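Engineer: how would this look folded up:
(chains A and B)
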Amino acid sequence: MAYDHLSVEPRWQKYWEDNECFVAKRREGHPKYYVLDMFPYPSGSGLHVGHPEGYTATDIVARHKRMQGYDVLHPMGWDAFGLPAEQHAINTGTHPRETTANNVKTFRTQLKSLGFSYDWSREVDTTEPKYVRWTQWIFLKLFNSGLAFQSEIPVNWCPVLGTVLANEEVIDGLSERGGHPVVRQPVRQWQLKITEYADQLAADLEPLNWPDTKQKQREWIGRSEGAEVEFPVVGGDKKLKVYTTRPDTLFGATYMVIAPDHKMTLDICSSEQREEVKTYAEAAARKSDLERTSLGKEKSGIFTGAHATNPLTGKEVPIYTADYVLGAYGTGAIMAVPAHDTRDFEFAQAFDLAIVPVVSADGKAPDEPLTEAFADHGIALNSGKFDGLKTADFKSQIIDYLEAEGIGCRKVNYKLRDWLFSRQRYWGEPIPVYFPVECDGDPRTGAEAKIDYQTPIAVDESELPLLLPELEDYHPGDPQGPLSRALEWRYFQKDGKWFARETNTMPQWAGSCWYYLRYLDPQNETEIFSEEAYDAWMPVDLYMGGAEHAVLHLLYARFWHKVLFDAGVVKHAEPFTQLVHQGMILGQSHRYYAVVDDDGKELERLDGDHEDVVPDKEQGGFVRPSTGHKVEARWLNDNIDWKGGEAHEPESGVKLAIISEKMSKARGNVVNPDDVVAEYGADSLRVYEMFMGPLEQVKPWQTNGLAGVRRFLDKVDKVARKELGADSDDETNKLLHRTVKKVGEDIEQMRFNTAVSTMMIFTNHLIGLKTPPPKEAVEKLLLLVSPFAPHLAEELWELLGHPPSISAESWPSFDAALCVDDVVEIPLQVNGKVRGRVSLAKTADEATAKAAAMDIEKVRALVEGKTLRKIVYVPGRILNFIVS
RNA sequence: GCCCAGGUGGCGGAAUUGGCAGACGCGCUGGCUUCAGGUGCCAGUGUUGGAAACGACGUGCCGGUUCGAGUCCGGCCCUGGGCACCA
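Structural biologist: Residues are numbered from 1 along each chain as shown, chains lettered A, B, ... in the order given. As a prediction, this is how the structure comes out:
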């Protein structure tokens, strides 16, 4: 390797820091650009190579924008509350604050070693009191506007984690973090009324420059339009209200279903059915999502004994209760139209209920009984005076009719639920609320205290931040959380009365909901940020981060932003103008198979992609079908025997299969950026990560590729150290201007991979010149390279006699006239097949082109003597002779 | 099941949006340099037939539009991601 990255890189990192090169400042007459990375959770295992991918991309954009004259805000911080540090505290007794501080230190050092142009003076840490203060301040805004409320609802309780999880944190009945089982259990909770903003959250997505994430959020919000209709319950004056998006199928409603947890379920059921219904409802309440989804493929349910009257047909229909109807959505009850709803169809078949078609493609009754639900739109039948209407017309007419008759109304519904905001853990922001206490004596010394949770009182703004108490024991498990044990902290007296603090804490999402705002003015002690700072930088122009945050973080943050907007704290309805998700980087590992006998003794080794090995679906692992032997997958990452371009296991010589999958310690395929920086340098890592492929795509890490990138940087170094010339030949000059053009365009469109290859091509050209490379060309190359490989660019820029820093130079311009060719080589086709090439002026007319083509012997041979049917000539593109 | 994204050499990936498929990089082969090479340089490298000139085939599969399709249209298969009783 030609240059010593170990001395070059730290030198320039120190220079940037000492000279405050990247401190964000606004200047008169310069446009602003706010480029934001999703800040990391500082985990104990440090940075992995996935982090620098997005960070390098944004750093290139930031450096490029600065060179274009923008004032750039490019900050970094720490999302430092979270379970791992608390788990560590439970295991070792180390305070999470200490663990967190250590991890932050590691992360900061690692990020600095990669040469990112962050304004480190704006670093934020969500766990610091001066940050927590404003998180709590926002909570008070939510609380005071009625958007934060308590409820006692069945929640996702995870016994292993000892906490409640949001719906979004539960995947297939297991916790998103850790994969522990989750059960339903009623616990007192704080919730945030995100549903109040459902409409705005969906509608305001429209103008944003976001990828598919917009659609994901829309689906998550799940807006639907329909009608609410009341069905009178037979015998009594009760009415059962249902929500439907297909009011046009009212005539086909042959039964009803009420959710087991609906508050009317036990009221309406007949006395004979009461016991059975009660048993069913209790069982349904205990069912976790896992049981409901994986075991609940077969529809279950039970007849309540009650009937209701279809308000249109006047016919009586039975009312069932079944857990396929959710209590929390719509009205918690449905009219079932088995002919036109898949779920109702399945239920009707299982319980032998009537299936009456009221829609068909042509408006005629089907000849045969339906074998599946017809859920499409069509033309109405069996619907009285509405027969013959198209579904869409029927819908609007029937709703008008329902409203006129007073039996129903137009209604919009959302899948989105209110956000479960409390966690029964220690390492989070305390919720700044307290409650009155009835108590004889001092509750801090064990006197029994009766806490009135009905009357929450907000902590006064002047008392913020409300900080966490010190604890001996961080174990969770109590539904009130570990803070309930900090009696001295929990109970306090005011005006002679006792009060108890809220012992739940906020979820990790809280701090990340607004950190982009604190970067604006991180040291402000009197305001969350100054108006001046806000006006200087907001909104965020580019937000980069993983697609795994497409819904949760990005929806929560938008919700808080809208609350702050309505409170007059921020001035834009949306915080993030453009959003980009970098693709995951996969690790590579090498697999072979070991055939084992029943005792686990190894019998034989097989190639890692051996055809006679298939996954064992029943027992897990693998099996060899031809012999029935059990097979184990074995993984190898060191001591690989490479021969003929293939990987082999050194002992047996079997071929290793190369497997790309998410990096994990278990698989041993984690690449540590520190190692890469030490061996190849930060510039190589940065350029490699950009060169791997399109930014947003999932890409496998291949360490070999690093060497190629490093060779490129060495060539840049080599060419800059050559004797340079004053004059440029035309070809070099043309290529220079085209390179400048393409690299600039590629950065703007975030096509960094092709930007790198363009610079490689130009560098290869300069290296290959027989004459001294032109100084101008080399200098412009360095300017182009500088956002990608800033350390090397600085070093060589100085070498060429310029004062530092290259990051303060202007982005080079290009001459558009030099980027187009007057004369181009165009392919000559005969019957669509390329048979030759000829250089032609772009403006050449067809006759000239034809004459030139006929000079090419091969073309002439194929054309002469045949009937020329047609000539297709696109100047500057192609000439095609059609002959027969 | 539904909704997105994507299938191009041995590998990562290019392809000005309908006009020379495989840029750039890795790997591999041969050569030069070297006491030596896990270095550097030069040449070659889609498959196939051929000694060669040259020819045929080739962008997941089937069909279509077009002078011309990786690119457009219809159908299907596969991979990755998201959602999943939301009435």
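Engineer: and the residue of chain A found nearest RNA strand B, its phi and psi?
Structural biologist: When CB to the nearest atom of the strand is the measure, chain A has its nearest residue to RNA strand B at residue A:708, with 2.5 Å between them. Just so you know, the C-beta spots here come from the backbone N, C-alpha and C atoms, and that holds for glycine as well. In this entry, residue A:708 is assigned phi and psi values of phi -60, psi -40 (degrees, to the nearest 10).
Engineer: where does it land on pLDDT?
Structural biologist: The predicted local confidence for residue A:708 comes out at a pLDDT of 93.
Engineer: from residue A:756, how far out is it?
Structural biologist: When CB to CB, to the nearest Å is the yardstick, residue A:708 and residue A:756 sit 10 Å from each other.
Engineer: neighbour count: those two, which is higher?
Structural biologist: Comparing residue A:708 with residue A:756 by other CB atoms under 10 Å, the one with more neighbours is residue A:756, at 22 against 14.
Engineer: assumed that one was part of a strand.
Structural biologist: No: the assignment for residue A:756 is helix, going by DSSP: H, G, I helix; E, B strand; the rest coil, so no strand is present there.
Engineer: doesn't residue A:686 make contact with it?
Structural biologist: No: the pair formed by residue A:756 and residue A:686 falls short of the contact definition of CB atoms under 8 Å, at 10.0 Å.
Engineer: quick check: neighbours shared by those two?
Structural biologist: Common contacts of residue A:756 and residue A:686 (CB atoms under 8 Å, 6 or more residues apart in numbering): residue A:788.
Engineer: for the residue nearest the centre of chain A, which non-adjacent residue is closest in space?
Structural biologist: Among the residues of chain A, the one closest to the centroid is residue A:547, at 2.4 Å (CA atoms, centre = their mean). Once flanking residues are discounted, residue A:547 sits nearest to residue A:581: 4.0 Å by CB to CB, 6 or more residues apart in numbering.
Engineer: for the one you found, phi and psi?
Structural biologist: Its backbone dihedrals place residue A:581 at phi -100, psi 120, with angles given as degrees, to the nearest 10.
Engineer: contacts only, for it.
Structural biologist: Contact analysis of residue A:581 by CB under 8 Å, 6+ apart lists A:211, A:213, A:544, A:545, A:546, A:547, A:550, A:696.
Engineer: export the residues you listed to TSV and tack on secondary structure and distance to RNA strand B?
Structural biologist: As requested, those are arranged in TSV below (DSSP: H, G, I helix; E, B strand; the rest coil; distance: CB to the nearest atom of the strand, whole Å):
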residue	secondary structure	distance to RNA strand B
A:211	coil	8
A:213	helix	9
A:544	strand	17
A:545	coil	14
A:546	coil	11
A:547	helix	6
A:550	coil	7
A:696	coil	8
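Engineer: are any of the residues you listed buried, and which?
Structural biologist: Applying 16 or more other CB atoms under 10 Å to the contacts of residue A:581, the neighbour count classes A:213, A:544, A:545, A:546, A:547, A:550 as buried.
Engineer: quick one: which helix or strand includes residue A:517?
Structural biologist: Secondary structure here is read from DSSP states H and E; on that basis residue A:517 sits in helix A:515-518.
Engineer: that helix: what's the following helix or strand?
Structural biologist: Once the chain leaves helix A:515-518, the following helix or strand, as judged by DSSP H and E, is helix A:531-537.
Engineer: does anything pack onto that following helix? Which helices or strands?
Structural biologist: For helix A:531-537, the helices and strands in contact under the criterion 3 or more CB pairs under 8 Å, 6 or more residues apart in numbering; DSSP states H and E are strand A:32-37.
Engineer: the strand it packs on pairs with which strands, and in what direction?
Structural biologist: Each strand that pairs with strand A:32-37, with its direction, by DSSP bridges: strand A:71-73 (parallel), strand A:540-544 (parallel).
Engineer: now those as TSV including distance to residue A:431?
Structural biologist: Supplementary listing: the strands paired with strand A:32-37 in TSV, determined by distance: least, CB to CB, whole Å:
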stretch	distance to residue A:431
strand A:71-73	31
strand A:540-544	27
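Engineer: I'd like these as CSV, with mean pLDDT appended.
Structural biologist: Output for the strands paired with strand A:32-37, formatted as CSV (pLDDT from 0 to 100):
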stretch, mean pLDDT
strand A:71-73, 98
strand A:540-544, 97
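Engineer: and whichever strand or helix holds residue A:590, what's its mean pLDDT?
Structural biologist: According to DSSP H and E, residue A:590 maps onto strand A:585-596. Averaged over strand A:585-596, pLDDT sits at 88.
Engineer: elements contacting it?
Structural biologist: Using 3+ CB pairs under 8 Å, 6+ apart as the contact criterion, the neighbours of strand A:585-596 among helices and strands are strand A:602-606, strand A:629-636, strand A:657-662, strand A:699-700.
Engineer: by how many degrees do that strand and strand A:629-636 diverge?
Structural biologist: Relative orientation of strand A:585-596 with respect to strand A:629-636: 140 degrees, computed using axes from the mean of the first three to the mean of the last three CA atoms, to 10 degrees.
Engineer: before we move on, back to that, quick one, which of the strands paired with strand A:32-37 gets closest to residue A:787.
Structural biologist: Proximity to residue A:787, assessed across the strands paired with strand A:32-37 by CB to CB, is greatest for strand A:71-73 (11.6 Å).
Engineer: need the residues of the stretch 601-750 of chain A near RNA strand B, please.
Structural biologist: The stretch 601-750 of chain A has residues A:642, A:644-645, A:691-694, A:697-700, A:702, A:704-705, A:707-709, A:711-712, A:714-715 near RNA strand B, with proximity defined as CB under 7 Å from any atom of the strand.
Engineer: try it again at 10 Å.
Structural biologist: Where proximity means CB under 10 Å from any atom of the strand, the interface of the stretch 601-750 of chain A facing RNA strand B comprises A:642-646, A:658, A:660-662, A:679, A:688, A:691-712, A:714-715, A:718, A:742, A:746, A:749.
Engineer: what about stretch A:858-875, start to end distance?
Structural biologist: Across stretch A:858-875, the terminal residues are separated by 21 Å (CA to CA, to the nearest Å).
Engineer: and that stretch, average pLDDT?
Structural biologist: Averaging pLDDT residue by residue across stretch A:858-875 gives 81.
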